[in-house]
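> Show me how the following folds:
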Amino acid sequence: MAAYTEGQEERIADVVSKRIDEYYSQGHDLAFGQAIAFNESREHVTRIGVSILSTKWGVGFPGGSFVQAVVDNNLLETVGRADSINLNAIRFYVYLVYNQSYVA
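Predicted coordinates for the structure are as follows:
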């Protein structure tokens, strides 16, 4: 794993936050709306999104078992390791992984 460059983690968090807004505004995923209904839940989804992208790109510390399952595209492990918030955000994480380019 490579270290984050200066400010990179914050830039990734900003991008994830923008992707959350973009995905939510599409209005196709009611479960995701429930997942981010509270500020604390949205922060959780943002932190997990940052961890997913960082793990995918090999920067920072590797994510936990749920994050690794998402990055490995392992649906059974992803669902099995998801907490209640992440269970409602899985489609967003897939959207994030496949639509976000590297953030330096």
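
> Pull the number of nearby residues for Asp72.
12 (other Cβ atoms under 10 Å). All C-beta spots, glycine's among them, are computed from the backbone N, C-alpha and C.

> next one: Phe38
11.

> From the centre of this structure, give me the residue that's furthest out.
Glu6 (20.7 Å; Cα atoms, centre = their mean).

> how would you label it: helix, strand or coil?
coil (DSSP: H, G, I helix; E, B strand; the rest coil).

> distance of it from Ala104?
Separation of Glu6 from Ala104 (Cβ to Cβ, to the nearest Å): 11 Å.

> one step back: angles on the backbone of the residue farthest from the centre of the chain, please.
The phi/psi pair for Glu6 (degrees, to the nearest 10) reads phi -60, psi 120.

> Please determine how far it is located from Gly60.
Glu6 is 13 Å from Gly60, by Cβ to Cβ.

> Now for these two: what residues contact both?
Here Glu6 and Gly60 share no contacting residue, scored by Cβ atoms under 8 Å, 6 or more residues apart in numbering.

> related to what we said a few turns ago, ok, the residue farthest from the centre of the chain to Asn88 distance?
Glu6 sits 34 Å away from Asn88 when distances are taken as Cβ to Cβ.

> Show me what the lowest-mean-pLDDT helix or strand in the chain packs onto, helices and strands only.
Least confident helix or strand of the chain, by mean pLDDT, DSSP states H and E, is helix 30-35 with a mean of 88. Contacts defined by 3 or more Cβ pairs under 8 Å, 6 or more residues apart in numbering; DSSP states H and E place helix 30-35 against helix 8-25, helix 84-99.
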